[in-house]
Each structure stands twice: as structure tokens, then as C-alpha cells.
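Asks: turn this into a structure:
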Amino acid sequence: MSREAFHQLLQRYLDGNCTSEEKKIVEQWYGLLDKNDLPEVPEESFNEIEQRLWDKVKPESEFVERRAEKKVVRSMWIRISVAAAVVLVTLVAGLLTRYQNEEPEFLAENALSNLGEKINHTDHRIAVLLEDGSRVVLKPKASISYPRHFSARKREVILKGEAFFDVSKNPGRPFLVFNDDVIIRVVGTSFTVKPGRGFRKTEVLVSSGKVIVTEKPTRKSFARLFNLEDKVELTPNQKATFDPSDGHLEVGLVDDPVPLISPENGSRQSVSFIFNESPISSVLDELEKVYGVKIVTRNDAMKHCTFTGDLSGQDLYSKLEFICQSIKASYEIKGVTIYIEGKGCN
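Replies: Predicted coordinates for the structure are as follows:
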């Protein structure tokens, strides 16, 4: 078995294109990964794991090929699978343990007397104030579990249902929110978590600051091991959506973007949106600055257009509709970018 054939086998498995026999061999390796006495190893890239795995498999492969070049193909695969499994288990067991079993540390570290829980049994929103000054607003039927005293390294909570978080800033102690599908990591910010149920999608919507969202690790697939860093970083007026049907996170704009919070006074920016024969580029620049979104014109001729009007009191998308109508253009949203398209002006 050549190195190229070995690489192609792993790649076919990850792509879902291997035969049933090849799949069985690879999954025999994976089936050994649940042993509890395996040592942890440092995180390594897939290429390094594959190289070290091949260094172990190659001599065994050559031995088998010399003994059975023409007839004992099945025996070769058995020997290779056993040799490869030993190295593969050693290299990746630590990674699986670290990422697939990621749960709040306070569940294991704290006595029951230090655990707190709040469930909203009412028909209206209720606020929960945590030890660090962070504020959580629970919707009806939502609940939050937390340690009454956070650790010195990080702050962790478990959320069931929908809630709004206003997290106190502390760069040295990141704040983590765990729900059924995702893990949200922040330092100091405000955001909303909308849970998915069944085939509904989980959403994380950011109001201020910066949020990192990762899919909650599971033990569903060997292929998931090589996609550990699947994460998205969100800024205000952006949202992450986790789709349980394909296990992916998508980033987009929230349904109703609002002006950013001013760092000077901590309140929403209040800007006059009155324009008089203003270049369209200046109008769009103002929207970008106020809402923290990226707006791109697809036709250079649009720089000759001007806009006159009062857009005060309208939401972002209404403003864009008004502008586009005035210059005979249209807009579309792709990801976190707004594109303006039109013939432009003379």
C-alpha cells in the first residue's frame, strides 16, 4: 500500500466516497477510540497525524505486500488496520477527550451547595443578576444554571431556552454560555440566544461587543475530529445560525439592525439622517458607520448619484429601500454584506 493510496483512503472517508469495505476498516480504527486508559496528546494538525500514522503503517504494509502480492489482499487490510489503529488511537484520543466532552467545569468542580439555578415559571421576562455583575434576562420557560461563585479563570453558565445576556467586561475571565447546540464565548458584550428545538435552528444575535460561537462537540463522527476549529466570530448586528440538519454554523445580519452603542457614553448613537444632494457614497458610509455593517456598490457609475431626503426614524432596511428607490437600484444581503446594484447616474 503506497502513501498516496493511504492518504486517498482517509480522504475518501472524510468526503463520504469510500466503499463499504473501506468504510468498515476506517471505522474499526474509530471504534477503538473509547478506551479510557489512553494517554492525552498535544493537539496536532491532520497532516502531522497522517504522517505519523503512515510512518507506522508503511513497514506493515510492505511486509504484507511481500507475503501476499497477488492473493491475500484482505489479510493486508487487517494487518494495516490493526497497526494504524494503535497509532491513531494514541494520537487522537486526547483531542477527542478535550473537544468532544467539553462541558462546564463547574459541574464537576463545585459542590451542590455552590450551584445556582433560576427557572422562569412566569409569563413575562425576568432578570437574573450574576455574581460578576452580568445580567441575564430569561424569557418564559427559560432557565439558567451557574456557580454562585465563578472560578478565577472563567465564568460558565448553562442556558435552556431563550435569554438576553449583558456580560460585564473582564478580559481575564471569559464568559461562556452552553446550550444544547453551541458554546458562546465572550469577554464583555450583550447578545441574545434563541434555542432550536427538533429541526429548528439555534440563533445567537449580537447587540454589542464581540462573540465567538462554536458548535458543541459531539461523538457523532470520526470525520468531525478534523474540523475542530469550526467557529464564527460575530460583531454587533450579526448573528450565527446553527442548523442541526447539516451541523453547520452560518453568519448573517440580524433581522432588525440597530445603531451601535457609542464607546464614549455607552448609549446608542443618535445621528441625523437628513441629506441634501449628498453623494450616495457619503450616505452609505454614514449607514456603515452607524450600524457597523459593510455596504458595497457593484457599479462604479453609482458614485455619480446623489440623495436628498430625511431618513430619520426609519430602520436600516427601510432606509436602504428609500435610497434604492431614489436612484433606481436594489439591494441584497449575502452573509454580513449588503450589496447595492443599479445602473448608476450620469
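Asks: where does the protein dip in pLDDT?
Replies: By pLDDT under 70, the weakly predicted segments of the chain are 1-7, 10-11, 13-16, 18, 20-103, 106-113, 197-199, 217-230, 263-269.
Asks: at 50 what do you get?
Replies: 31-45, 64, 68, 70-72, 86-101, 219-229 (pLDDT under 50).
Asks: domain ranges for it?
Replies: Following automatic domain parsing, the chain resolves into domains at 3-100, 106-253, 274-342.
Asks: Cys345 versus Gly161, what's the distance?
Replies: Distance, Gly161 to Cys345, by Cβ to Cβ, to the nearest Å: 50 Å. Yep, even glycine has a C-beta here, placed from its N, CA and C like the rest.
Asks: those two: who's more crowded?
Replies: Gly161 (18 against 15; other Cβ atoms under 10 Å).
Asks: doesn't Ser143 make contact with the more buried one?
Replies: Yes - the criterion here is Cβ atoms under 8 Å, and Gly161 meets it with Ser143 at 6.2 Å.
Asks: now do the shared contacts for those two.
Replies: Asn120 (Cβ atoms under 8 Å, 6 or more residues apart in numbering).
Asks: and Gly209, what does it touch?
Replies: Residues in contact with Gly209 (Cβ under 8 Å, 6+ apart) are 167, 186-191, 236.
Asks: what is the nearest of those residues to Arg125?
Replies: Nearest to Arg125 out of the contacts of Gly209 is Ser190 (Cβ to Cβ; 14.6 Å).
Asks: dig out what the closest one forms beta bridges with.
Replies: When assigned by DSSP bridges, Ser190 has beta-bridge partners Asp166, Ser208.
Asks: and what of Val204?
Replies: Bridge pairing for Val204 - DSSP bridges - gives Val193, Ala240.
Asks: how much space between it and Ile183?
Replies: 10 Å.
Asks: who has more neighbours, these two?
Replies: Val204 (26 against 19).
Asks: so Ser326 makes contact with Thr306?
Replies: No - the criterion here is Cβ under 8 Å, and Ser326 misses it with Thr306 at 9.1 Å.
Asks: right, and Lys118 touches Leu130 too?
Replies: No - if you go by Cβ under 8 Å, Lys118 and Leu130 don't touch, sitting 9.8 Å apart.
Asks: more crowded one of these two?
Replies: Legend: neighbour count by other Cβ under 10 Å for Lys118 and Leu130, higher for Leu130 (21 against 17).
Asks: residues in contact with the more buried one?
Replies: 136, 146, 150, 155, 157.
Asks: also Leu249?
Replies: 182, 213-215, 230-232, 240-242.
Asks: can you tell me the SS state at Ile323?
Replies: On the three-state scheme (DSSP: H, G, I helix; E, B strand; the rest coil), Ile323 is labelled helix.
Asks: now it: closest residue in space, sequence neighbours ignored.
Replies: The shortest distance from Ile323 to any non-neighbouring residue, by Cβ to Cβ, 6 or more residues apart in numbering, is to Phe307 (5.9 Å).
Asks: go on, Lys210?
Replies: Thr235 (5.8 Å).
Asks: now do the one you found against Ile323, distance only.
Replies: 23 Å.
Asks: okay, these two: which has more neighbours?
Replies: Ile323 (22 against 15).
Asks: please enumerate the helices of the stretch 201-346 of the chain.
Replies: Listed in chain order, the helices of the stretch 201-346 of the chain (DSSP state H, counting those that start in this stretch) span 280-291, 316-326.
Asks: ok, and what's touching the longest one?
Replies: Think helix 280-291. Against helix 280-291 from outside (Cβ under 8 Å, 6+ apart): 237, 257-260, 269, 271, 273, 275, 293-295, 297, 302-303, 305-307, 316, 319-320, 323, 327, 340.
Asks: between it and helix 316-326, how big is the angle?
Replies: 170 degrees (axes from the mean of the first three to the mean of the last three Cα atoms, to 10 degrees).
Asks: follow-up on the earlier one: what's the farthest-apart pair in the contacts of Leu130?
Replies: Val136 and Phe150 (13.5 Å).
Asks: contacts only, for Cys188.
Replies: For residue 188 the amino acid is Gly, not Cys. Gly188 is in contact with 167-171, 175, 209, counting by Cβ under 8 Å, 6+ apart.
Asks: now with 6 Å?
Replies: Neighbour list for Gly188: 167, 169, 209 [criterion: Cβ atoms under 6 Å, 6 or more residues apart in numbering].
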